[in-house]
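Asker: Coordinates for the following, if possible.
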Amino acid sequence: MDVMRSVLGMVVLLAIAFLLSVNKKKISLRTVGAALVLQVVIGGIMLWLPPGRWVAEKVAFGVHKVMAYSDAGSAFIFGS
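Answerer: Numbers count the residues shown, from 1 in each chain. Below is the predicted model:
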């Protein structure tokens, strides 16, 4: 079910982009398709390969640290 929801989400986003496009004839289906394939490949690497999962965990940890620093800075400036 999650895969179908993801595919439906991509289709809806592409449909919205197509409908809001000023020049529909200039849309390159090859570029759009390559971008979608690249997104799936990168997602697969991050989910199923240990080095990809390790990198994703390190990035998530870094983002968490930045958010913690931001919270501390906000508390310092505006008070708790």
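
Asker: what about residue 46, neighbour count?
Answerer: Counted with other Cβ atoms under 10 Å, residues neighbouring residue 46 total 16. C-betas here are computed from N, CA, C, even on glycine.

Asker: tell me what the helix or strand harbouring it is packed against?
Answerer: Assigned by DSSP states H and E, residue 46 belongs to helix 29-48. Helices and strands touching helix 29-48, by 3 or more Cβ pairs under 8 Å, 6 or more residues apart in numbering; DSSP states H and E, are helix 50-78.

Asker: So which elements touch the helix it packs on?
Answerer: Short answer (3+ Cβ pairs under 8 Å, 6+ apart): helix 50-78 packs on helix 29-48.

Asker: So which bits of the helix it packs on are buried?
Answerer: residue 46 (16 or more other Cβ atoms under 10 Å).

Asker: C-alpha coordinates for it, PDB please?
Answerer: This file holds the C-alpha atoms of helix 29-48, laid out as PDB (Å, rounded to 0.1, in the frame of the first residue of the first chain):
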ATOM      1  CA  LEU A  29       9.900  13.200 -20.800                       C
ATOM      2  CA  ARG A  30      13.400  11.800 -20.900                       C
ATOM      3  CA  THR A  31      14.700  14.200 -18.300                       C
ATOM      4  CA  VAL A  32      11.600  13.700 -16.100                       C
ATOM      5  CA  GLY A  33      12.000   9.900 -16.400                       C
ATOM      6  CA  ALA A  34      15.700  10.000 -15.700                       C
ATOM      7  CA  ALA A  35      15.100  12.100 -12.600                       C
ATOM      8  CA  LEU A  36      12.500   9.700 -11.300                       C
ATOM      9  CA  VAL A  37      14.900   6.700 -11.900                       C
ATOM     10  CA  LEU A  38      17.700   8.500 -10.200                       C
ATOM     11  CA  GLN A  39      15.500   9.300  -7.200                       C
ATOM     12  CA  VAL A  40      14.500   5.600  -6.900                       C
ATOM     13  CA  VAL A  41      18.100   4.400  -7.200                       C
ATOM     14  CA  ILE A  42      19.400   6.900  -4.500                       C
ATOM     15  CA  GLY A  43      16.500   5.900  -2.200                       C
ATOM     16  CA  GLY A  44      17.300   2.200  -2.800                       C
ATOM     17  CA  ILE A  45      20.900   2.700  -1.900                       C
ATOM     18  CA  MET A  46      20.000   4.600   1.300                       C
ATOM     19  CA  LEU A  47      17.500   2.000   2.300                       C
ATOM     20  CA  TRP A  48      19.000  -1.400   1.400                       C
END
